[in-house]
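Asks: Just to be clear, the model below is a prediction. Sequence and coordinates:
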Amino acid sequence: MFFVAVIPGAISVALVFLVRERSHKASGQPEPRTAHPARAFTTEALAGLPRRYWQLLVVLGLFNVVNFSDLSYALLSYPAGVVSDRVARRVVYAIGLVVFALAYLGLGLTRSTAWV
């Protein structure tokens, strides 16, 4: 199972080294200014970010709010630990994987954005 996760991960990391950024000099655009790290999060610097960035940030934020993975982990870890003291840990782990798979299967099969 280890290699099922490691091989695609290693391939994706290797592919990162094939990405090359276009030179701004060749495209006629001015070189972007690099901000001093202490000034990177000023109001002016944040206001200069493109609108698409903020749209993406809102979508990802909503996904994280709806995902509830951290909240469900925090709420269910103690009861799952109590159950795993009485039942084999493999059984508890398998049940958790089934619940996880069913939740994401349900998200994939939904036809309404209200459920997502």
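Replies: Yes, it's here.

Asks: what does stretch 75-94 contact?
Replies: Gly96 (C-beta atoms under 8 Å, 6 or more residues apart in numbering). Every residue, glycine included, has its C-beta placed from N, CA and C.

Asks: can you give me the mean pLDDT across that stretch?
Replies: Mean pLDDT, computed over stretch 75-94, is 85.

Asks: Can you pull the poorly scored residue ranges out of the chain?
Replies: 22-40, 68-70, 115-116 (pLDDT under 70).

Asks: What segments of it are strands?
Replies: Counting by DSSP state E, the chain has no strands at all.

Asks: residues of the longest helix seen in it that come out buried?
Replies: Longest helix of the chain, by residue count under DSSP state H: helix 89-109. Going by neighbour count (16 or more other C-beta atoms under 10 Å), the buried part of helix 89-109 is Val92.

Asks: Give me the distance between that helix and the centre of its chain.
Replies: 19 Å (C-alpha atoms, centre = their mean, to the nearest Å).

Asks: Also stretch 103-116?
Replies: The answer for stretch 103-116 is 18 Å, by C-alpha atoms, centre = their mean.

Asks: Contacts for it, please.
Replies: Val66.

Asks: can I get the CA coordinates of that stretch in CSV?
Replies: This file holds the C-alpha atoms of stretch 103-116, laid out as CSV (Å, rounded to 0.1, in the frame of the first residue of the first chain):
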residue,chain,number,x,y,z
ALA,A,103,-19.7,10.5,2.5
TYR,A,104,-17.6,11.3,-0.5
LEU,A,105,-19.6,9.0,-2.7
GLY,A,106,-22.7,10.9,-1.6
LEU,A,107,-21.0,14.2,-2.4
GLY,A,108,-20.1,12.8,-5.8
LEU,A,109,-23.6,11.6,-6.7
THR,A,110,-25.5,14.7,-5.5
ARG,A,111,-27.3,16.7,-8.2
SER,A,112,-27.9,19.8,-6.1
THR,A,113,-25.3,22.3,-5.0
ALA,A,114,-27.3,22.7,-1.7
TRP,A,115,-25.8,19.3,-0.6
VAL,A,116,-22.3,20.3,-1.4
